[in-house]
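return atomic coordinates for the entry below.
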Amino acid sequence: MNAIRDEWKHITSGKFILLMLIVPIIVAAAFGYIFQNGIMQDAPLAVVDLDHSNYSRQLIDKLNSSQYVKVVDVFDNYIESDMLLYNEKYSGVLYLPTGTECLMQN
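From the prediction side, this is the model:
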């Protein structure tokens with residue numbers, strides 16, 4: 001039991017206790033600043049448009065006008081999402097398959 005008391009006195013007597021109290025406060029403040037609203041805004045999005053319809057173009061325009069998503073690139077042919085997400089240029093990839101317009105009308 002004396003060993004535990006000695007260790008506790010040693011920990012609280014040095015500069016370590018100050019470090020234990022200040023570092024969590026700094027980290028919490030940094031994360032609070034980074035995630036101010038708790039949401040991501042202008043997240044870069046890649047769209048793979050295999051439908052090429054008027055509806056898909058309107059959907060892409062509507063997504064791009066949102067404050068949460070920014071459509072960075074639109075691809076007309078099939079591309080694997082792993083290739084697009086590899087360098088972290090995009091936060092997400094949206095696939096619009098052939099016949100999207102028909103699916104949404106039903």
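
all strands of this structure, in order?
43-49, 69-75, 92-96 (DSSP state E).

of those, which approaches Leu63 most closely?
strand 69-75 (5.1 Å; C-beta to C-beta). All C-beta atoms are positioned from the backbone trio N, CA, C, and that covers glycine.

quick one: contacts of that closest one?
42-49, 60, 63-64, 89-90 (C-beta atoms under 8 Å, 6 or more residues apart in numbering).

average pLDDT for the longest helix seen in the chain?
In the chain, with assignment by DSSP state H, the single longest helix is helix 16-34. Mean pLDDT, helix 16-34: 79.

run through the residues that contact the residue nearest to the spatial centre of the chain.
With distances taken as C-alpha atoms, centre = their mean, Ser91 lies nearest the centre of the chain, 5.9 Å away. With contact taken as C-beta under 8 Å, 6+ apart, Ser91 is in contact with Met40, Ala43, Pro44, Leu45.

again, but for Ser81
Val93, Tyr95.

what do you get for Met40?
Met40 is in contact with Tyr68, Ser91, counting by C-beta under 8 Å, 6+ apart.

by neighbour count, sort out the buried ones in the contacts of Ser91.
In the contacts of Ser91, burial by neighbour count holds for Leu45, counting by 16 or more other C-beta atoms under 10 Å.

among the contacts of Ser91, which one has the lowest pLDDT?
pLDDT across those is lowest for Met40, at 73.
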